[in-house]
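J.: generate a structure from the sequence data that follows.
(chains A and B)
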There are 2 protein chains.
Amino acid sequence: MSMSSIDEDTNENKFKILIATDNHIGYLETDPVRGQDSFLAFEEILKIAKMQQVDFILLGGDLFHANRPSRPCLHRTMRMLRNYCFGDRESQVWIASDQSENFGDIAQANYLDENLNISMPVFSIHGNHDDPSGVGNLSALNLLSVAGMVNYFGNSTSIQDVTIQPILMKKGTSKLALYGLGNIREERLHRQWRAGHVNFTRPEDDGTPDSWKNCFNMFVFHQNRARHGPTNHIPEEFLDEFLDLVVWGHEHECRIFPEHYEDFSITQPGSSVATSLCQGEAEPKHVGILTIEGGNYNLEKIRLKTVRPLQFTTVVLSRVESIEPSDKNSIRVYLEGVVESLIEKAKNEWDEQQEQDSGIEPCLEMPIPLVRIRVDYSDGYETFNPLRFGQRFIKRVANPNDMLKFQKTRTRPITDMTATELLNDLSTAVPERLDRLKVEDLVHELLKKDLFILPEEQLEEAVKIAVEKGDKTSINRFMDLVLLRTRDSITTLPDDIEDLTLDFIKRKSNEAKQNLSASYPSVIRDDAVRPTPIQRGNTNNDNNNNTFEINDSDSDEYTSSPTITPRATTAIRGRGRGRGATRGRGRGRGRGSDKRSASPTDLESTPSSQRRRVLPGR
Amino acid sequence: MSMSSIDEDTNENKFKILIATDNHIGYLETDPVRGQDSFLAFEEILKIAKMQQVDFILLGGDLFHANRPSRPCLHRTMRMLRNYCFGDRESQVWIASDQSENFGDIAQANYLDENLNISMPVFSIHGNHDDPSGVGNLSALNLLSVAGMVNYFGNSTSIQDVTIQPILMKKGTSKLALYGLGNIREERLHRQWRAGHVNFTRPEDDGTPDSWKNCFNMFVFHQNRARHGPTNHIPEEFLDEFLDLVVWGHEHECRIFPEHYEDFSITQPGSSVATSLCQGEAEPKHVGILTIEGGNYNLEKIRLKTVRPLQFTTVVLSRVESIEPSDKNSIRVYLEGVVESLIEKAKNEWDEQQEQDSGIEPCLEMPIPLVRIRVDYSDGYETFNPLRFGQRFIKRVANPNDMLKFQKTRTRPITDMTATELLNDLSTAVPERLDRLKVEDLVHELLKKDLFILPEEQLEEAVKIAVEKGDKTSINRFMDLVLLRTRDSITTLPDDIEDLTLDFIKRKSNEAKQNLSASYPSVIRDDAVRPTPIQRGNTNNDNNNNTFEINDSDSDEYTSSPTITPRATTAIRGRGRGRGATRGRGRGRGRGSDKRSASPTDLESTPSSQRRRVLPGR
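T.: I've put the predicted structure just below:
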């Protein structure tokens, strides 16, 4: 009792925050072995937060794996939040900023709502998985928010200008400005940031002793940190120097121990469930207990103990002695041995951890481990069915069906392959490659020319939304827009068109626009900024360009504009995850060039890889 | 102030409850004209409840129109509930029953949860639209329940025995036992009820003055009241005589004024939004303010004022003078006149209503009305495109595209038509007819025999779940079950099968069952009641019948069993909605008879219509 009261005394000026990210709740939820993993990890995080009596939990996006979480997933998540976050405990954190700016239409943090009794508030931005989509532009987090379970912030309302308003928090004498930015499409944010259109609103310094001038500035966001191409990541240099600490979501490897850059530090908590079987995800998973007092902070990392172990290794068959390339059986037997040793290793590491915790925590039985072996079979080695190979390890390995991944050392990077080559190459079943396939590229290769009426990039975006977000209306809405644009083009035809027809077309066009306003908010925002007068006889097609922009995708004009000086790319880079080629030097996207029909050798020598954006794999 | 305190005094022993049902929130939510209707009506209901300071709101099912409400729909509903139902106001209603029995895993009414501040609790059962489905058997109401926004009750956990536990409520000296039963498939509930497997748990009479013996007994449920066939409705006679008042959901016509039967009364509040354009939905919409004191009740009806007017009429062209059957233009002009008169009528009725309310309520502008004309074109009258007809009434009628419904006087009822005839007859585009089409009938007609391995009824159920509930896994789960059953059949083969093979099959079969337990709870319940021992050499196929039963659909054996005496059907019938034939006399389903290939005259004279269940149209 006395200890706890001393504790509270020393804490009255100190924020205590649990930081975590990428919980991907619902990942593989129907898998009989792994279905519970994401739920258990999130529940463990809630338990830690409760035990640590943190002031609040800060999440860095991708709380949900699916943009439209299943009903059982949503229900169970809400159930957990109600169990752990509701209850008596007066918060000592006071919010000084305009909460309607911070939290949108809910306009109040849940723990400050007098109708809710919240013992432990959760603050979260959205990630790329649970981003707002569809009619009303809502995220699954909006449902948690209206239910009073999560304080959803950092949803930038403007696409033209990203202005980040902080939540100004005060605990005793400590002041924290918490900036948040939910995931924005990688290229778009990169370009806006480079063009100076990403702004952090600093609280005014009113000169009083109570001024926010010397507050602690923290920023949480959810973007690529690893460089997958020239514009689809955010280089650390982009970050404002006034920031003290950046919580980086989206990257799944746990690099939670703060890494220091010139003026600030970055903590990357990493995911709480492995959604891809690679080295980065094989590292132990942690969450952080961040304390902030005045201008100082401290971060203690806490290992998640329920997380299923993942063992990852690479085997280069040509380096294994005593195996003939044609001897399928020996290869199989050898790889079985590797699996056995990885299971053994997982067990040893688990026991070691249990020993360290003994006396503190009850002993936990190891969940069946995940195993992934990348098998390099270059130089003519035989392969076999990984599914049958896995049958022997059912109940000993959590992913028996995809333990082995056969790969050849590439003579050229995936990004240099044409879309058709990539499609043909899919026989080796590496799902990640599908990320590189773009509708646009397929159209180019198959038709050998651009489409005239259907813009490929927007078509791709619409297809992507339909597939990834399960939004069945996106393609219809795209078609409506194209129709609208085509109608607008017609209204700019010369005077000799019959008046009546023209009036009819104009009326239809306006009606279509009104209907769209309800279903496609981003379009309306664009329209609001740049109104589109319909002018008869105006052959200038600026008009078209404006109404046309569903997504401000990077166009050639923009990238090649002389007013934009690309800054040097990442100088300081941590342990990157090594995916994809990084050879680009910021060329335009090269659309319309004939490079894509060049021979493989040509492709080797010209970095046409820049033409393809690498989509985030997670 | 003094008036309100007097008011409270007189109310301290009196329950005050708002009753409403079938709000179908989200109905036509993307329609540019009618999209808001369901939301506005529900908000009006919440406003009335708040103004009336009711103790709680009681909903009779189908709060949502879609089994999986869209995200905007769910969000907006939660928003409204948070706005109207959260706040300060101490409830004087005390719950004496075991709340974990009443509310399942949430185990507590929201207004009794000390972490929530609820000014006006909502109690709801589910309807056939928002019934539990999919993995975890959850309803959209479970999401509102876990969010602390609705007290979801009446979800019977057993399929074998429907036991209805009341919520025992006490306010001052008044006692109310509130029984609820969410929608169950019509035929199943009918059969269970008839077989005595639907039981109301009465509170024990402990002889003390505080006993529940003389409580007021109210029952809310959601089933067909109108007779669509011999078994797919609940006759009023089924209802237990100890009940005082029955709140009947599902039927959309407002018959809220209590109708008295032998021992009890029925109030049928009706829907708050018209989902089918028929006479029943054209009646004014109301909600009820029900007060209960001791053993007495009173019901005051309150008209919903924001509801879009619906004008319905029938025109028999052959009875219209001065129109020639072949004169399309005159028919069109005549019908235009009918539409004009209906618009006029709607306006007059609206103004009349406004006049009555003047001084009490602010004047409301009439929403554009709905108009439906059933056009009987028997005797060779011409028809035309109703869509083009509607173009003249855009912005004057809310449903210009489907104002006219051309119908011929039937020489024989739809239910007597074969499935193929029905399919061919769909050219006149009467969507309701699709309700009569059954997978089973199609299979019979097209294959001329029953399926052997795939049970048609379960296949139909699986297809229905996939289509209506959007549950993509239902067909897979059905196939898994069939596989399971086939495997079980094999294990009962004679002894001379090789042991090893048999063991393998058994193991697989058990694995499949375990996986199913997670994904198909109803199966597991069946299994639990009737375990399925796998017996080698047992050629008795009772075994198969048991594992086989996904849904306890009405089998021929059951209906024709001599132990079941069908009770006389509905003696007292209110104003039925007159859909479908009602000529059946409880024959078996007649499967396997060759009646369906008989000539139309044969069909006229034999009620083979019993073979087809009529699915609820709403």
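
J.: distance from the chain centre to whichever strand or helix holds A:S100, please.
T.: If you go by DSSP states H and E, A:S100 is part of helix A:99-103. Centroid separation between helix A:99-103 and its chain, computed with C-alpha atoms, centre = their mean, to the nearest Å, is 23 Å.

J.: in its sheet, what does the following helix or strand past it sit against?
T.: Downstream of helix A:99-103, the first helix or strand assigned by DSSP H and E is strand A:122-124. Sheet pairing of strand A:122-124 (DSSP bridges) gives strand A:56-59 (parallel), strand A:151-152 (parallel).

J.: if we compare the ones you listed, which one ends up closest to A:G104?
T.: Smallest distance to A:G104 across the strands paired with strand A:122-124 (C-beta to C-beta): 7.4 Å, for strand A:151-152. C-beta coordinates here come from the backbone N, C-alpha and C atoms, glycine included.

J.: and whichever residue of the stretch 251-400 of chain A sits closest to chain B, what's its pLDDT?
T.: Per C-beta to the nearest C-beta, A:I394 is where the stretch 251-400 of chain A lies closest to chain B, at 9.9 Å. Note for A:I394: predicted pLDDT of 94.

J.: and A:Q354, by the same measure?
T.: 88.

J.: the helix holding A:S100: which residues count as buried?
T.: A:Q99, A:N102, A:F103 (16 or more other C-beta atoms under 10 Å in any protein chain shown).

J.: could you measure from the second one over to chain B?
T.: Read it as A:N102. For A:N102, the distance to chain B equals 18 Å [C-beta to the nearest C-beta, to the nearest Å].

J.: which bits of the stretch 101-250 of chain A sit near chain B?
T.: Contact residues (C-beta under 8 Å from any C-beta of the partner chain) of the stretch 101-250 of chain A with chain B: A:105, A:114-118, A:134-136, A:138, A:140, A:142-143, A:146-149.

J.: again, only this time at 10 Å
T.: A:105-106, A:113-119, A:132-140, A:142-149 (C-beta under 10 Å from any C-beta of the partner chain).

J.: circling back: and the helix holding A:S100, what does it pack onto?
T.: If contacts are counted by 3 or more C-beta pairs under 10 Å, 6 or more residues apart in numbering or on different chains; DSSP states H and E, helix A:99-103 sits against strand A:151-152, strand A:167-171.

J.: may I have the beta-bridge partners of the residue of the stretch 151-300 of chain A found nearest chain B?
T.: For the stretch 151-300 of chain A, the residue closest to chain B is A:Y152, as judged by C-beta to the nearest C-beta, at 11.6 Å. As for beta bridges, A:Y152 partners with A:S124 under DSSP bridges.

J.: for it, what are its contacts?
T.: When contacts are counted by C-beta atoms under 10 Å, 6 or more residues apart in numbering or on different chains, A:Y152 touches A:59, A:63, A:102-104, A:106, A:122-126, A:130, A:132, A:139-146, A:180, A:182.

J.: and the strand or helix carrying A:R485, what's buried?
T.: Take DSSP H and E as the rule and A:R485 turns out to sit in helix A:474-491. Across helix A:474-491, burial judged by 16+ other C-beta under 10 Å covers A:S474, A:R477, A:F478, A:D480, A:L481, A:V482, A:L484, A:R485, A:R487, A:D488, A:T491.

J.: and the gap between the fourth one and chain B?
T.: Relative to chain B, A:D480 is positioned 12 Å away (criterion: C-beta to the nearest C-beta).

J.: which non-adjacent residue is nearest A:L81?
T.: A:M149 (4.3 Å; C-beta to C-beta, 6 or more residues apart in numbering or on different chains).

J.: equivalent analysis for A:L404, please.
T.: A:P386 (4.0 Å).

J.: which parts of the stretch 251-400 of chain A are helices?
T.: Using DSSP state H, counting those that start in this stretch, the helices of the stretch 251-400 of chain A run over residues A:279-282, A:328-357, A:386-390.
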